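**Student:** sequence plus predicted model, see below.
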Amino acid sequence: MTDLNQIALKILSNGKGILAADESTGTMTKRLESVSISSNEANRLLFRKSLFTSESMKKCIGGVILYDETIKQNSEGKTIPEIISENNSIPGIKVDTGAKMLSGSPDEKITEGLDGLRERLKEYHKLGARFTKWRGVYIISEKYPSKLSVYSNAHALARYAALVQENGMVPIVEPELLMDGNHNAYDCLTKTSEVIKRCFDELILHKIDLSGIILKPNMILDGSKSKSKINNDEVANLTLKCLTDSVPSEVPGIAFLSGGQSEIQATQNLDLINKMNKSGFIMTYSYGRALQQSALKHWSKDIQDIEGTQKVFNHRAKMCTLAAQGKWSKELEIQS
């Protein structure tokens, strides 16, 4: 077992998942303003710290993805990575600099951030990060994603992963096919499979240690504007088919993104995936909104009510961790 594999397994094992708290300042501002809270550095830190010091960090959250601002913050004499580590979780960091227009196919995106990445990774490692995240974004339509998008983003993900492993950290490889659109789930299956297979072709070409990565894919879902809607069992079946056909067996685990699903949808689909999972892959969660939204709404009513906010977050994290073990049920959602 390599050091990178040990880190990946510590993050993902025993139903633990990943808290995606890597929203950019712009995205976090929109989230806070949606609940009528002013977005400033102090408020962003106050909310995030309430999650990072919650009881569920020890029991449910194996890793936390941070944003550049957050990994450099301090609170009460401790750095944020120190606070996360003390709560038995592993600090991680988003390292891409965002998706920009893809030259040659202006409707599509290419993720940037490779320039200067080696130096930034050295700094993040010193700050305490032990895993990283890079997100490739793809749209689904009759003609998209184009071959240019599939190949360009896969190449960028592989170059990123090589630099991360060179610096002793675990790369999360996140190829996200967006829910936006009127495509059906079978289009999503075909195109997600194509994207993931191309990513692994590039990862292998770049000599990535596949036992030391985490894959963060979308589930197989109908588009948000699709007239057809498959049921939750079909979501689980198609998602498992996609991943068992596309992901090499050396990969230790898969941590799904929620991708616009509600908290309950994301939890229920993860639970069914694990109830049906016959593969050797750990299948868990790497959720942002689907872990934080209810806690954020509660916190916005009184930003000093840290205990109440943590209670709401602990419940959601517990539900996701049960789902990651195939032990969730709707009856458990009733909070005491």
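**Tutor:** Perfect, I can see it now. Residues are numbered from 1 along each chain as shown.
**Student:** need the phi and psi values for the most centrally placed residue in the chain.
**Tutor:** Central residue check for the chain by Cα atoms, centre = their mean: the C-alpha nearest the mean position is that of residue 286, 3.6 Å away. Dihedral pair for residue 286: phi -140, psi 80, per degrees, to the nearest 10.
**Student:** before we move on, what about the one 10 residues further on?
**Tutor:** In terms of degrees, to the nearest 10, the main-chain angles of residue 296 are phi -60, psi -40.
**Student:** I'd say it and residue 30 touch.
**Tutor:** No. Look at residue 296 against residue 30 with Cβ atoms under 8 Å: they stay out of range, at 11.6 Å. Yep, even glycine has a C-beta here, placed from its N, CA and C like the rest.
**Student:** and the helix or strand containing residue 42, which residues are buried?
**Tutor:** Residue 42 belongs to helix 41-52 when assigned by DSSP states H and E. Neighbour counts over helix 41-52 (16 or more other Cβ atoms under 10 Å) mark 43-52 as buried.
**Student:** can you pull out the helices in this protein?
**Tutor:** Taking DSSP state H to define them, one finds helices in the chain at 3-12, 25-34, 41-52, 56-59, 68-71, 80-86, 117-127, 147-166, 185-205, 232-246, 263-276, 289-301, 306-323.
**Student:** what's the closest non-adjacent residue to residue 272?
**Tutor:** Nearest non-adjacent residue to residue 272, counting by Cβ to Cβ, 6 or more residues apart in numbering: residue 236, 3.8 Å away.
**Student:** number of nearby residues for the one you found?
**Tutor:** Using other Cβ atoms under 10 Å, residue 236 has 24 other residues around it.
**Student:** and it, what's its pLDDT?
**Tutor:** pLDDT recorded at residue 236 is 98.
**Student:** for stretch 175-183, measure first residue to last.
**Tutor:** Counting by Cα to Cα, to the nearest Å, you get 18 Å between the two ends of stretch 175-183.
**Student:** typed the wrong thing, it's stretch 214-232
**Tutor:** 24 Å.
**Student:** same thing with stretch 45-65?
**Tutor:** End to end - Cα to Cα - stretch 45-65 spans 14 Å.
**Student:** ditto for stretch 212-223
**Tutor:** End-to-end distance for stretch 212-223: 32 Å, by Cα to Cα.
**Student:** same check on stretch 69-80?
**Tutor:** Using Cα to Cα, first and last residues of stretch 69-80 are 10 Å apart.
**Student:** give the buried residues for stretch 77-97.
**Tutor:** Buried residues in stretch 77-97, counted by 16+ other Cβ under 10 Å: 79-81, 83-85, 87, 89-97.
**Student:** may I ask which two of these are separated the most?
**Tutor:** 87 and 97 (28.5 Å; Cβ to Cβ).
**Student:** gap between the residue nearest to the centre of the chain and residue 266?
**Tutor:** The gap separating residue 286 from residue 266 is 11 Å, by Cβ to Cβ, to the nearest Å.
**Student:** overlap of the contact sets of the two?
**Tutor:** Counting by Cβ atoms under 8 Å, 6 or more residues apart in numbering, the contacts common to residue 286 and residue 266 are residue 256.
**Student:** residues contacting the residue lying closest to residue 258 once chain neighbours are set aside?
**Tutor:** If the residues on either side of it in the chain are set aside, residue 258 comes closest to residue 290, at 3.6 Å by Cβ to Cβ, 6+ apart. When contacts are counted by Cβ under 8 Å, 6+ apart, residue 290 touches 258, 261-263, 266-267, 316, 320.
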